[in-house]
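Student: Provided below are the primary sequence and the corresponding predicted coordinates.
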Amino acid sequence: MGNIVNSAEYDYAGRRKLIDSLCEKYGFIKKRVIGRSCGGRDITALKIGAGEEYCLIAAAFHGSERITSVVLLMFIEKLCGAIAEGGDIKGIRAARALNGKGVIFVPCVNPDGCEISLRGSVACGELAGTIGKMCRNDFAHWNANLRGVDINHNFNAGWQQLREREMAAGIYCPGPTRFGGFRPESEPETLALTELCRTVNIRHVTALHSQGEVIYWSYAGNTPARGKKMAEIMATSSGYSLDTPVGIAEGGGFKDWFINEFGRPGFTVELGQGKNPLPAENAGKILDRVSEMLMLCIMM
Ligand SMILES: [Zn+2]
């Protein structure tokens, strides 16, 4: 029988259908809408397993990085198959990886941005003209949400300092990328994740971005020792390198906020290599490279 998720482009409707098919096939997936985007699109969380602690893996914070959503959905399908059949992924038994804990996946944090990057002006509704002007009709590289706020600059961790660096880089107002909003946590996409983390006991978070084959694991002085150890294991497994963000890439991100708020590990993983948006057909190859890393991440 064929796979439900393939190395292909999925728009919002297509992704919803995939998620419904996965939930139908694997009755143990618990689906919950944790928020709605500026454009009214669902931000969906899929929970597998249960326990006192959950690990959280989220993808597609940036529109042009929507391949991360496909990679994550492919991984979810593989994991569910392995759970259902008592099987393993890269030699790691799924049931054992999940023993006593659960995992929450958010396959697409920024559904508006992904839709704009994939489908262009038709995805923008009545904002089509404004967004077209903001990006000079280069919709494919759109990373922000529908309001032109970059979700991964909108979290409340060093947000003010990041704002100053944005302005120094000439970014003052909403646009395709790197504008962090007029205040931290102003966006519904950001709030969907922060509220989830505040209400569920989350052991660690992993944010999937593209591209560069790099793992970021630290923020300010608050990174727990366990975070560095985990990052080293993840790097060894994937062959990705470890790095520390500098300049405009530092602060405001989901992993930064999570580390800062909870003193628990948070990671940004830059999947794949090339120029965003990476071709959808690369998704399977990328997953093959990182599926052991994701299993280890769930185990740790
Ligand atoms: Zn990104």
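Tutor: Perfect, thanks for sending it.
Student: going by C-alpha atoms from here, please, whenever you check contacts or count neighbours.
Tutor: Will do.
Student: and the residue lying closest to R289 once chain neighbours are set aside, what is it in contact with?
Tutor: When the adjacent residues along the chain are set aside, R289 lies closest to S238, with 5.9 Å between them (CA to CA, 6 or more residues apart in numbering). Contacts for S238 (CA atoms under 8 Å, 6 or more residues apart in numbering) come out as R289, V290, E292, M293.
Student: per-residue pLDDT, the first one?
Tutor: Just to be clear, that refers to R289. pLDDT recorded at R289 is 97.
Student: so how far is A280 from it?
Tutor: 15 Å (CA to CA, to the nearest Å).
Student: which stretches of the stretch 101-250 of the chain form helices?
Tutor: 111-119, 128-134, 159-168, 188-199, 225-238 (DSSP state H, counting those that start in this stretch).
Student: compare those helices and give me the one nearest I151.
Tutor: helix 188-199 (6.1 Å; CA to CA).
Student: now the strands for this structure?
Tutor: Using DSSP state E, the strands of the chain run over residues 30-36, 42-49, 54-59, 88-89, 92-93, 102-106, 202-210, 214-216, 241-243, 266-271.
Student: what's the fourth one packed up against?
Tutor: Looking back up the chat, that one is strand 88-89. Secondary-structure packing of strand 88-89 (3 or more CA pairs under 8 Å, 6 or more residues apart in numbering; DSSP states H and E): helix 67-85, helix 283-299.
Student: where does pLDDT dip in the stretch 201-300 of the chain?
Tutor: The stretch 201-300 of the chain contains residues with pLDDT under 70 at 247-249.
Student: ok, now the stretch 1-150 of the chain?
Tutor: Short version for the stretch 1-150 of the chain, where the test is pLDDT under 70: 1.
Student: returning to that earlier point: now, of the helices of the stretch 101-250 of the chain, which is deepest in the fold?
Tutor: Comparing the helices of the stretch 101-250 of the chain by mean neighbour count (mean count of other CA atoms under 10 Å), helix 111-119 ranks first with a mean of 28.
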